[in-house]
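>>> Here is a sequence together with a model predicted from it:
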Amino acid sequence: MISDPIHPRRMDEEVPDQYEPRTVEETVSAHWDEHDAYERTKEAHADDPPFFFVDGPPYTSGQMHLGTAWNKTLKDSIIRRKRMEGHDVTDRPGYDMHGLPIETKVEQELGFESKQDIEEYGMEQFIEECKRFAVENRENMDEDFQSIGVWMDWENPYQTISPEYMESAWWAFSQAHDNDLVEQGKRSITQCPRCETAIAKNEVEYHQVEDPSIYVQFPLADHEGSLVAWTTTPWTVPANTFIAVDEAATYAKVRAQRAGEEDVLYVAADCVESVMEKGGYDEYEVEEERSGEELVGWEYDQPLAEEVPEHPSFVGAGEVYHADYVETDRTGLVHSAPGHGQEDFQRGDELGLDIFCPVGGDGVYDERAGKYAGQFVRDANEGIIDDLRANGYLLAHETYAHDYGQCWRCDTDIIFLATNQWFITVTDVKEDLLENMEDSEWHPPEARENRFRNFIEDSPDWNVSRQRYWGIPIPIWTPEGLSPEEMTADDLIVIGTRDELAERADQDVDPEELDLHRPTVDDLTITEGDTTYTRVPDVFDVWLDSSVASWGTLDFPGETDAHEEFWPADVIAEAHDQTRGWFWSQLGMGTAAVDQIPYDEVVMHGFALDSDGRKMSKSLGNIVTPHEAIEEVGRDPLRAYLLSHDQHGADLRFEWDGLAEMQSTLNILWNVFRFPLPYMELDDYDPGEADLSDVRLARDEPVEPAGAEGSGAGELSVVDEWVLSRLQTVEQETEEAWEEYAPHDALNALLDFVTEDVSRFYVKAIRERMWEESDSASKRGAYATLSTVLNEVVRLLAPFTPYLADRMYHTLDGGAETVHMLDAPTPDDEWHDPDLEQNMAVLREVEEAAANARQQGGRKLRWPVQEVVVETDDEAVADAMRDLEDLFLERVNAQKLTVTDQFEDLVEVAKPQMSVIGPEFGAEAQDVMAAVRGEPRENVEGGVDIDGETTELTDEMVEYDAKPPEGVSAAEFDQGRVYVDTELTEEIEREGYARDLIRRVQETRKRLDLDVEEEIRVAVDIDDERVAGFFDDRRDLVADEVRAAGFVDVADIDEAIGLVEDWEIEGVDVTIGVEPVDD
RNA sequence: GGGCCAAUAGCUCAGUUAGGUUGAGCGCUCGGCUGAUAACCGGGAGGUCCGCGGUUCAAAUCCGCGUUGGCCCA
């Protein structure tokens, strides 16, 4: 490799004064492109031990929103960190590209209204359109994700529509079949009659609708009268199979009259009154009461017997049964049609009743519905109500507003139908599911134990079939001539791979060329012996697609090596809605196919909500897009903002202020980063070459003798040692956080270190060493320390803010193409000194108290103080202060430190107790108070003078407060108290005024925008003789500090190039003029 | 209707595991510092720990019942 020997790839951009995310991100993006940084990074870790990450595939229906941005950012940070920890990380992104949502979008584009339209248009062409739609969306999303700096293998995403991926689904499903877990069965499913397919429960949306509400009489066959049941779905009455009662409830036989006619009715005793009212009965009488149990077994006649001749009349139909779902509201008797209702179905199934469902998938009655055949069910309601009325079985008819389910894609009211569907019977392996679940570690752990376990325990069989087009065709071939009822699992052929299909199919099939989508596979038949098998026309529920992602990512079973090496996934990371989604579907499929859970660890993060904690939605108009956020603050601040929040299940309330706050936090880092650069440049110091192996500790060895400079060895002061120790601690903390997949803990520890320790303390402490003009061991020590800190911080930060980290890396070092290919820094015991960290924490606390005391004493930091006394009982605190005395004095600008367990100079000040003094002295009490209050103890104890007389006071009359003497102010800290003597001396005044003058001259330089190196002439006119004298004593110091070549009169300052301004220093008027020296 | 989660300063969140005087950052305000300067530091104000009830010497924390919001399911 030919390269510049020092900085082969250093960016030559200027480092601007402000952190400008946009500039940083543009520069770094360009650099990444130019140097193939992503590819180099993967190559750098190609031989490391493997780490198998599996991306949960987002659905390709829309664009990246804040939630998906969060999700991918989290994944990206994990991948980057794992690489830096030394792993060859699988980073193949995925996309979920099949399913009804895309079909309905395409239908809308094409203006379709039903499956009929699709069939007329041509299935093949329609599927082609779906594919086009999915791929276009995918490409948009590729760009979205890359735009937030997600480094995944965008050249090679897994797509659920690829033949290799679809084969993974076939393979897993065939494994489930081999394990006897595939069966066909009738189930009551939620059907969208427009889409003509079953839709998943979680795809049903509920809205309020107005439905008929009818009370129907079911005439009893061998008793007088009829049973009364209530329903909002008249169209299900033709399929009525039984009436359900609560066997423990009480039912009443009511004889009632209306309009001169008499009815005998059975309803629950609690419901008599309301039913009578609904029915408009004038008079009624409860003749007898029976328990529900007694009613069980009674027979009744179908009220629409004539209209629906083929109504259920098989053995067991038309009888009363007990059911748990009965409640004694409305009538206490429940019309039950196992062909429709879900609970009805379950109970009917238990009772062994046949399932009668005269409605097709399009919601239209078939011929078994007799008179109603050919009508759409909802449209038939009216006719059915009329017929019931005509037959004399309609007791009441009104309307009812309630929540009813609609298809999430097309808003059509769903219907419940018992249809033949294909299932993976996960209920048969519930124990295995629970056991396999235990093999996964969750972050947070309680999510697995509470929510996930509950779901597994309650989960029904998995209906995997959909009567649609855009999906993975179900690879089941069934023998001709057998009805679903006659077929057993052994009669099925379930194909697992393309090769197997090519081998067994009657037609010529090239497995390499075969697109597994419909309609190509629909025409393939298999003949075994005399029997011809045809494929079932259904496609898979799209949830099955993603459930095989752990195999699909590895192209298994087409490719087997990677599977051998990697499977199962080391970690997956999704939001908590996936508990019931992808976390579950993978467990279900893993258990059904190979009796294993496909992932070892789960990071379950939260949802992105708006600032009020409400979900972001179009209807609320509160959506914030990642794009807007990036416009506002940039990619890195957005990423850091998202990652600084709890990643273990807690939702995020998005706040613009919080985002801006993160940007300013990163700006502090930027300032720390750029602060030393000009000095290092002047000294030709290369921060990339920083080396702590040849430094000496100032406190261990004598200070380098004058003249020995330039030897190269740096010298570390105690603050250097301290900040290096803190760095080790932070590295340890981040390591521990990453082990728990808690990047938020890692990031926050790191940012705290940067702001609290490096910026607020360390940089402040070393500034003067940086200003030293000549080379010195102390300066080199500071350079080496700060360079080390920055180099390692940059690598710790890289997974969170990849652009900013790389930008800084390329200025500081640039030895590699990118910081992301390097290793994460690890703590080094040699530099770890917890005692020193503890002592420094004490010092900082005391310093804070001292600053407080100074403020109370009205003495600003620029003016020295004579003495600071630290009073404490705590030996550790006392030791810490003695140990760090020099540093402390320097930082608080004090001349002397005293550490004591008892501050001797306190003055005890009297506080008169008026509740005692008042009664005792009466009219004189006010005088006593005045004489006592605020006096030192010795002035009070011998008695006080009242009108020339000495008056003795008892102990009860006076209490004493201990106060610092005049000129001393105090402030407390946790383990003690700090006293600061702010009394002035001439020496202090000299120093103070000089410093104030220097400060103003520097400010003037600043206003003139003079270069740091530029020499000036200074004019000072002080309106106070004494202070002017102080200044004369310190002229040399001032001249030195402000780079003054000489002093002149104010009148001599050329205001064309210089500046003259009036100031006030401690109440004294001062005029200061500055002009650059003309060369 | 059910399961799980959350509610603490104006805002974002720690603290709840194992009961013992509620903390931080931002914002506000007052002050300081100033060759990092559109940066930085310190002080101060600011709390019904969502409500009600219970257990306990003691509850933000444990228990029960609610309210509001989130996710999932019906």
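Right, received. Where do you want to start? Residues are numbered from 1 along each chain as shown, chains lettered A, B, ... in the order given.

>>> Residue A:238 belongs to a strand?
No - using DSSP: H, G, I helix; E, B strand; the rest coil, the secondary structure at residue A:238 is helix, not a strand.

>>> Ramachandran angles for whatever residue of the stretch 551-700 of chain A ends up closest to RNA strand B?
Closest to RNA strand B within the stretch 551-700 of chain A is residue A:671: 2.9 Å, counting by C-beta to the nearest atom of the strand. Just so you know, the C-beta spots here come from the backbone N, C-alpha and C atoms, and that holds for glycine as well. Note on residue A:671: its backbone torsions stand at phi -70, psi -40 [degrees, to the nearest 10].

>>> residues contacting it?
A:19, A:759 (C-beta atoms under 8 Å, 6 or more residues apart in numbering).

>>> Which residue, neighbours along the chain excluded, lies closest to residue A:219?
Of all residues not flanking residue A:219 in the chain, residue A:226 sits nearest, at 4.5 Å (C-beta to C-beta, 6 or more residues apart in numbering).

>>> Does the one you found touch residue A:217 like I think?
Yes - with contacts counted by C-beta atoms under 8 Å, residue A:226 reaches residue A:217, the gap being 3.9 Å.

>>> Which one's more surrounded, those two?
Set side by side, residue A:226 and residue A:217 show more neighbours around residue A:217, with 24 against 21, by other C-beta atoms under 10 Å.

>>> for that one, helix, strand, or coil?
strand.

>>> what's across from it in the sheet?
In this entry, residue A:217 is beta-bridged to residue A:228, by DSSP bridges.

>>> Near RNA strand B, which residues of the stretch 51-200 of chain A are found?
Neighbours of RNA strand B within the stretch 51-200 of chain A, by C-beta under 7 Å from any atom of the strand: residue A:200.

>>> For RNA strand B, what is the nearest residue in the stretch 51-200 of chain A?
Closest point on the stretch 51-200 of chain A to RNA strand B, by C-beta to the nearest atom of the strand, is residue A:200, at 7.0 Å.

>>> How much space separates that residue from residue A:463?
For residue A:200, the distance to residue A:463 equals 8 Å [C-beta to C-beta, to the nearest Å].

>>> ok, now residue A:1041?
82 Å.

>>> More neighbours: which of these two?
Using other C-beta under 10 Å as the criterion, residue A:1041 and residue A:463 rank with residue A:463 on top: 20 against 17.

>>> Go ahead and confirm the more buried one touches residue A:425.
No - counting by C-beta under 8 Å, residue A:463 stays clear of residue A:425, with 10.5 Å between them.

>>> what do residue A:226 and residue A:217 both touch?
A:263, A:265, A:393.

>>> quick one: residue A:1021 and residue A:1054, what's the gap?
Residue A:1021 is 16 Å from residue A:1054, by C-beta to C-beta.

>>> typed the wrong thing, it's residue A:364
Shown here: residue A:364 relative to residue A:1054, a distance of 99 Å by C-beta to C-beta.

>>> Tell me which of those two has more neighbours.
The residue with more neighbours, out of residue A:364 and residue A:1054, is residue A:364; 18 against 13, by other C-beta under 10 Å.

>>> Could you find the closest non-adjacent residue to the more buried one?
residue A:376 (5.5 Å).

>>> Isn't that neighbour up against residue A:193?
Yes - Residue A:376 is within contact range of residue A:193, at 7.5 Å (criterion: C-beta under 8 Å).

>>> overlap in contacts of those two?
Between them, residue A:376 and residue A:193 share the contacting residues A:362, A:363, A:364, judged by C-beta under 8 Å, 6+ apart.

>>> just the residues you listed now: which is nearest residue A:529?
residue A:362 (36.6 Å; C-beta to C-beta).

>>> Check for me that that closest one belongs to a helix.
No - using three-state DSSP, the assignment for residue A:362 is coil, not a helix.

>>> My guess is it contacts residue A:191. True?
No - using C-beta under 8 Å, residue A:362 is not in contact with residue A:191, being 9.1 Å away.

>>> Those two: which is more packed in?
Higher neighbour count among residue A:362 and residue A:191: residue A:191, with 26 against 17, using other C-beta under 10 Å.

>>> That one should be in a helix, yeah?
No - counting by three-state DSSP, residue A:191 is not part of a helix but strand.

>>> Next, the contact list for it, please.
Neighbours of residue A:191 in contact, by C-beta under 8 Å, 6+ apart: A:197, A:198, A:199, A:361, A:363, A:414, A:415, A:416, A:417, A:419.

>>> How about residue A:385?
A:212, A:214, A:234, A:394, A:397 are the contacts of residue A:385 under C-beta under 8 Å, 6+ apart.

>>> So which of these are in strands?
A:212, A:214, A:394, A:397 (DSSP state E).

>>> near RNA strand B, which residues of the stretch 301-450 of chain A?
A:342, A:403, A:446, A:447, A:450.

>>> Please tabulate these in a markdown table and include distance to residue A:937, neighbour count and pLDDT as additional columns.
As requested, these are exported to a markdown table (distance: C-beta to C-beta, whole Å; neighbours: other C-beta atoms under 10 Å; pLDDT from 0 to 100):
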| residue | distance to residue A:937 | neighbour count | pLDDT |
| --- | --- | --- | --- |
| A:342 | 87 | 17 | 80 |
| A:403 | 80 | 10 | 72 |
| A:446 | 61 | 11 | 85 |
| A:447 | 65 | 18 | 87 |
| A:450 | 65 | 12 | 84 |
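
>>> Pick the one among those closest to RNA strand B.
Nearest member of these to RNA strand B, counting by C-beta to the nearest atom of the strand, is residue A:450, at 4.0 Å.

>>> got the contact list for residue A:402?
Contacts of residue A:402 by C-beta under 8 Å, 6+ apart are A:208, A:209, A:211, A:232.
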